[in-house]
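Asks: Build me a model from this:
(2 chains)
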Amino acid sequence: MTVSLYVNYSEPNRLSKNISAIGSFSGNLKGECSVINPTILIEAGNISGANYMYIGSFGRYYYITDIVSVRDGLWMVSGHVDVLTTYASAIRGCSALVSRQESDYNLYLTDDRFLVDTRREYSTIAFPGRAPSGGDSLVLTIAGS
Amino acid sequence: MATGEKLGYIRILPFDIYIPVYNWTGFTVTEPPEYGTITVQNMRNWVYGMPSIDSEFYTEYFSNSRLGFFFNSIGYPDLMESGEEFIKNNLCGGAYVESTNGFYILGLSLYQMKDQSGYCFGYKSAPDEDRSSFTFEAIPSLNETPLSIMPELSSIEVFILARTGVTYILWKPVGSDFADVSGSRGNSFWQLIEGVPTPVKIADNVFKLYDEAPPPPIEALFLSLTKPGPNTDDEVAEIGGFWTRGTVELKRNESYTFEYRLIMDTLDREKDIPYEDISYGVFINEIMPGFDPVPYPLSPDDPNYEKVNKTFSITGNTITISDECYFPTVTIYAYANNVIVTNEYADRCVIRVNITDNLGPYNPDGTTKPGQEGGDGLFGDNINDQIEAPDGSAEGPDGAGLYTRYLVTSNTMHVFGEWLWTEDLGLAIAKAAVGLIYGSPADTLISLVSYPFSVGAIAGTGSANVKWGGFDTGLSWPTLASNAGTINWGSVSINKFWGNFLDYSPHTKIELYLPWGTGFVEIDTNQVMEGSISVKTNIEFAKGTCVHLVYNHRGSLIGSYSATVGKSLPITASDFASKQVAVAGAAIGLAVGATISAGAGISAGIEGAGQVSYHNIVVPGRAAPITRGAVSGFDTAAASGEFARTLPNAARPALQAAAASTRMPASYHRSGSFQEGSAGLGVQYPFIILSRPKQSMPQSYGHYYGYPCNKVLGLGGCFGYTEVAEVHLDGVPATDAELIEIDRLLKGGVLL
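Replies: Residues are numbered from 1 along each chain as shown, chains lettered A, B, ... in the order given. Below you'll find the predicted structure:
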């Protein structure tokens, strides 16, 4: 099978990875092999810089979890499936109840993650109106008109 | 050279010169300009600016000349005294620019010194207090300064950055040659560039400068495949390369992230092409008309190398803009090289470029950017009936005319006291007689209330004689036209500060102080946010009680609080008059004969006494007053029994009682009391104390945490950090373990 090795510069939780290719190599499965956590024997030069791979036969992208030099030119590469990139298109086709989003949001929903300073801001604002000037008044009320 | 706070820059194109602007405060423009200059006072505190003379364009266009404000480090008196020659020999001009729509801009004019001539425009202006608008007044006639600016200037664009927080306004000349407008005073060759909002006219010659509009959202750019997909049975096909681009407006001290996606899709599904298949880069937008975009990165040999590096730096997918930004925009492009598509996704191939600033909806200080406050809260048609409170000017509850309110002073009270305590015998007898029906005059005094303001201005005034029952005292005092009045305190605007939930209850609190004993009350912030609070106070003048009515901006009554504005003063009176009544009544009874009853005699006496009394009051000079001694003598005589024996039996008790009463000290009673109310001692007008939390908002918060969303969204339409509450992974051809992992990751937050 053909294994494409890459250097992945992206975070694990990013669907579309920013990767640069190292090369495609022929690999063999090492014994029984899981498609979720495969181990592949690859004959190649130094591939220790790779941290990501694509196995066409499995149709999956993998994080490389370990690279073991078996002997000169033979590498045992272990990986774990990158479900986000592998199924990126299908995931994008799904609808979801999104609780948090970077660009589509409602800031008037209470966000417990917001931090506020202990020091509060205070503003004092006076109403513009005033009681009529002219000094105090005395009002004498007398029965009768 | 410059002093004060640096507010921003004025950028002049095509030379791309940035002029720093300092400290707009403290200036006034008062005099018509001469020779194109403007009388600017306190110039040292106004704007200073000199161009970045290291610009290569500057040298090209303004060799041996200078461009900028004429008011630099030179003081105002020198400038004015030297006039045109000064400008020619020293610096360039600064003035105002008039647009075709009549809006006069405080800005700058160009004055090139190459041939010792220039052009300035004659307008004057004065800023309003908060500098959010400017008033401009055209000077109708001035001698022209010859205009001979080189033709290249016909394409100049002037950016005016009025002040921090207010957008620059972009204007450019229309005419192809400045010479064309010689004599027209420049009122026809400036126009608003399309797309820039028109200033809002507030009043004649007063225009509001716009708040800085948020940059338009940069949407994903779609570029359809120039070649159709293979749509064949072939497994793959090569469709060649294509590219797309997105433009981002740069702001100083901000950073932007750009992301690319290369997608093959059919109508109902899409597939991302690995990132490696996209190459990307940056074009710097035209820096002069006719220039080609400058690619990025540049070689050090490129003449723009230094400028570009001063403008921004690119690390990975992030552009960080420096404080010395030279370029307003850059174009980010993405190029897909020899895209290989499968026939499964054959219809279209798209490059999406998504550019976002890394501040999300927040400014660096944590405040919310205009227009990005989140949900609008469109909750339909809320019922909002108007709750009408009585107007204080309306007839009060005791408006049946039983009472009269007089505006008095200590002087008038003194006169009244003299009347009350008169020793005029005739008046006393008259009062005594009337008092038999109406009681003591003091009993008619309902209240005396002191107010810490001019009541007449609220209630209106009239004038009337003071009457005691039907008895006119002849004293004319000002009266209140109404029983109650209203003080309208106006309103206070309540604005959002953070643009999020922190602006509302319970996070933001509003305390309202109401005068005259009410004190501080808490207002429901949610009732008034993004609106206003208004207060009016209805006052009833007999007792000095009042009700503060608090409204929100929708006219809803949100609070009603009673208070006491008036301070009741004690009215000291004596029942001395009642003793006079008794004595006088007895005397009158004697006078009319023993055959009549004491009551009938008194009744007769009332009429006579009234006439006498009235006469005594209105005629200057008084009848001989009854003296204490005389009363005592009368008392003695009455008590001696001489008269008593001759009186009818019915009259005897009255006379004896009257005699007895004169031996008793006059008893006093008090109406009203000093209240503990200290209405006149506290603050005499309402105010609010608004307390809000201080948000601590790190930059790029949204990138790491996202913001609350709570919407059902298609994940394909989401960009950036996304955290899912629930998702149905329909159509994901993954194993169960993979589905569980996808679910877990989505709920933990992913970057789409």
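
Asks: So in chain A, where's the weakest helix or strand by average pLDDT?
Replies: strand A:137-143 (a mean of 84; mean pLDDT, DSSP states H and E).

Asks: hmm, it touching chain B?
Replies: Yes. Counting by Cβ under 8 Å from any Cβ of the partner chain, chain B is contacted by strand A:137-143 at A:137-143. Backbone N, C-alpha and C define where each C-beta goes, glycine included.

Asks: Do me a favour and average the pLDDT over the helix or strand hosting B:His703.
Replies: In this assignment (DSSP states H and E), B:His703 forms part of helix B:701-704. For helix B:701-704, mean pLDDT rounds to 84.

Asks: For that helix, which residues meet the burial criterion?
Replies: Neighbour-count burial for helix B:701-704 flags B:701-703 (criterion: 16 or more other Cβ atoms under 10 Å in any protein chain shown).

Asks: In a helix, B:Trp477, correct?
Replies: No. Counting by DSSP: H, G, I helix; E, B strand; the rest coil, B:Trp477 is not found in a helix; it is strand.

Asks: who's it bridged to?
Replies: Beta-bridge partners for B:Trp477, by DSSP bridges, are B:Ala464.

Asks: For it, give its distance to B:Asn526.
Replies: 50 Å (Cβ to Cβ, to the nearest Å).

Asks: out of those two, which sits in the busier spot?
Replies: B:Trp477 (22 against 14; other Cβ atoms under 10 Å in any protein chain shown).

Asks: Quick check, pLDDT for that one.
Replies: 84.

Asks: Could I get the contacting residues of it?
Replies: A:140, B:406-408, B:412, B:463-466 (Cβ atoms under 8 Å, 6 or more residues apart in numbering or on different chains).

Asks: Would you mind measuring from it to A:Ser16?
Replies: Using Cβ to Cβ, we find B:Trp477 at a distance of 89 Å from A:Ser16.

Asks: which one of the buried residues of helix B:701-704 is nearest chain A?
Replies: B:Gly702 (4.5 Å; Cβ to the nearest Cβ).

Asks: got the contact list for the closest residue to the closest one other than its chain neighbours?
Replies: Take B:Gly702 and drop its neighbours on the chain: the residue closest to it by Cβ to Cβ, 6 or more residues apart in numbering or on different chains is B:Gly360, 3.4 Å away. Residues in contact with B:Gly360 (Cβ under 8 Å, 6+ apart) are A:102-103, B:372, B:700-703, B:707.

Asks: Touching, A:Ile22 and A:Asn8? I think so.
Replies: No. Applying Cβ atoms under 8 Å as the test, A:Ile22 and A:Asn8 come out as separate, 10.7 Å apart.

Asks: Disregarding flanking residues, what is the spatial nearest neighbour of B:Ser447?
Replies: Nearest non-adjacent residue to B:Ser447 (Cβ to Cβ, 6+ apart): A:Thr141, at 4.7 Å.

Asks: Can you name the residues bridging to the one you found?
Replies: Beta-bridge partners of A:Thr141, as defined by DSSP bridges: B:Arg405, B:Ser447.

Asks: Could you measure from it over to B:Ala459?
Replies: Counting by Cβ to Cβ, the gap from A:Thr141 to B:Ala459 is 12 Å.

Asks: Ok, B:Ala725 next?
Replies: 62 Å.

Asks: And B:Arg405, by the same measure?
Replies: Taken as Cβ to Cβ, the span from B:Arg405 to B:Ala459 is 8 Å.

Asks: list residues touching both of these two?
Replies: B:480, B:483, B:541.

Asks: Is it possible to get a markdown table of the residues you listed that adds secondary structure and pLDDT?
Replies: Listed next are the shared contacts of B:Arg405 and B:Ala459 as a markdown table, based on DSSP: H, G, I helix; E, B strand; the rest coil; pLDDT from 0 to 100:
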| residue | secondary structure | pLDDT |
| --- | --- | --- |
| B:Leu480 | strand | 85 |
| B:Asn483 | coil | 83 |
| B:Phe541 | coil | 84 |
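
Asks: So which of these reach chain A?
Replies: Among the shared contacts of B:Arg405 and B:Ala459, the ones lying near chain A by Cβ under 8 Å from any Cβ are B:480, B:541.

Asks: By neighbour count, which of the shared contacts of B:Arg405 and B:Ala459 wins?
Replies: Going by other Cβ under 10 Å, B:Phe541 tops these with 28 neighbours.

Asks: Could you double-check that that one sits in contact with B:Arg405?
Replies: Yes. In this structure, B:Phe541 is within contact of B:Arg405 by Cβ under 8 Å, at 5.5 Å.

Asks: Can you work out which residues contact both of those two?
Replies: A:139, A:141, B:459, B:480, B:483.

Asks: Sort out which residues of the helix or strand following the helix holding B:His703 are buried, please.
Replies: Where DSSP H and E defines the elements, the next helix or strand beyond helix B:701-704 is strand B:707-714. Using 16+ other Cβ under 10 Å as the test for burial, strand B:707-714 gives B:707-709, B:713.

Asks: ditto for stretch B:311-322
Replies: B:311-312, B:314, B:317, B:319, B:321.

Asks: mind putting those residues in CSV, secondary structure and distance to B:Leu746 included?
Replies: Converted to CSV, those look like this (DSSP: H, G, I helix; E, B strand; the rest coil; distance: Cβ to Cβ, whole Å):
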residue, secondary structure, distance to B:Leu746
B:Thr311, helix, 38
B:Phe312, strand, 34
B:Ile314, strand, 31
B:Asn317, coil, 22
B:Ile319, strand, 29
B:Ile321, strand, 33
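
Asks: Closest one of those to A:Ser34?
Replies: Relative to A:Ser34, the closest of those is B:Asn317; by Cβ to Cβ it sits at 33.5 Å.

Asks: how near is the closest one to chain A?
Replies: 7 Å (Cβ to the nearest Cβ, to the nearest Å).

Asks: How about B:Ile533?
Replies: 8 Å.

Asks: which residues sit in contact with the residue lying closest to that residue once chain neighbours are set aside?
Replies: Among residues not flanking B:Ile533 along the chain, B:Val492 sits closest, at 5.3 Å (Cβ to Cβ, 6+ apart). Contact partners of B:Val492, counting by Cβ under 8 Å, 6+ apart, are A:125-128, B:532-534, B:687-688.

Asks: check which helix or strand covers B:Val492.
Replies: strand B:484-494.

Asks: strands paired with that strand, and their directions?
Replies: Going by DSSP bridges, the partners of strand B:484-494 are strand B:531-540 (antiparallel).

Asks: if we can go back for a sec, could you check which of A:Thr141 and B:Ala459 is surrounded by more residues?
Replies: Using other Cβ under 10 Å, the more surrounded residue of A:Thr141 and B:Ala459 is B:Ala459, with 24 against 20.

Asks: For chain A, just list every one of the strands.
Replies: Counting by DSSP state E, chain A has strands at residues A:2-8, A:19-29, A:39-43, A:52-55, A:60-71, A:74-81, A:95-101, A:115-126, A:137-143.

Asks: Now find how far off-centre the last one is within its chain.
Replies: Right, the one you point to is strand A:137-143. 76 Å (Cα atoms, centre = their mean, to the nearest Å).

Asks: what's next to that strand, contact-wise?
Replies: B:402-410, B:413, B:444-451, B:453-456, B:466-468, B:477, B:480, B:541-542, B:544, B:566, B:569.

Asks: Tell me which entries of the residues you listed lie within strands.
Replies: Those of these lying in strands (DSSP E): B:403-408, B:445-451, B:466-468, B:477, B:480.

Asks: so which of the buried residues of strand B:707-714 also contact chain A?
Replies: B:707-709, B:713.

Asks: about what we covered before: need the buried ones from the contacts of strand A:137-143 selected in ChimeraX.
Replies: Selection of buried members from the contacts of strand A:137-143 for ChimeraX, criterion 16+ other Cβ under 10 Å:
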select /B:403,404,405,406,407,408,413,444,445,446,447,448,449,450,451,453,454,455,456,466,467,468,477,480,541,542,544,566,569
